[in-house]
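J.: just coords:
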């Protein structure tokens, strides 16, 4: 069982930066792949970025490649998403998710946080 709590969302101007954090409870954090998904109003939830259990593999959606960076600290049970050069189209609720294997498919993730709102103004 893993419980996830996101933080760090907010309002930022286009071109700005935000840093999202996801704190996980449970002893098995280091065995889970972690990912960030986002969902904008009227749109389906989409994969943003994921990281393997040990942190050696990362997978970025094309829309955020070069702008977002995911990292994890297995000693602290946290995963972080650094978002730079933000665009209005990045506006969404961002969700942290934990799963057995790194996938881009949301159904493959068993545990989800409550989400944090990111709004980028133009």
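T.: Received, thanks. These figures come from a predicted structure and were not determined experimentally. Numbers count the residues shown, from 1 in each chain.
J.: List the contacts of the residue nearest the centre of the chain.
T.: With distances taken as C-alpha atoms, centre = their mean, residue 36 lies nearest the centre of the chain, 2.3 Å away. For residue 36, the contacting residues are 20, 22, 48, 49, 50, 70, 79, 81, 94, 95, 96, 97, by C-beta atoms under 8 Å, 6 or more residues apart in numbering. (C-beta placed from N, C-alpha, C; glycine too.)
J.: Shouldn't the third one be within a helix?
T.: Pointing back at residue 48 there. No. Counting by DSSP: H, G, I helix; E, B strand; the rest coil, residue 48 is not found in a helix; it is strand.
J.: so how many other residues sit close to it?
T.: 24 (other C-beta atoms under 10 Å).
J.: Equivalent analysis for the fourth one, please.
T.: For residue 49, the tally of surrounding residues (other C-beta under 10 Å) stands at 22.
J.: Likewise for the last one?
T.: Residue neighbour count, defined by other C-beta under 10 Å, stands at 25 for residue 97.
J.: Show the average pLDDT along stretch 80-99.
T.: Averaging the model's pLDDT scores along stretch 80-99 yields 98.
J.: With stretch 52-64 instead?
T.: pLDDT averaged over stretch 52-64 gives 97.
J.: which residues touch it?
T.: Contacts for stretch 52-64 (C-beta under 8 Å, 6+ apart): 30-33, 46-51, 68, 70-72, 74, 83, 89-90, 102, 104.
J.: Give the buried residues for it.
T.: 53, 59, 60, 61, 64 (16 or more other C-beta atoms under 10 Å).
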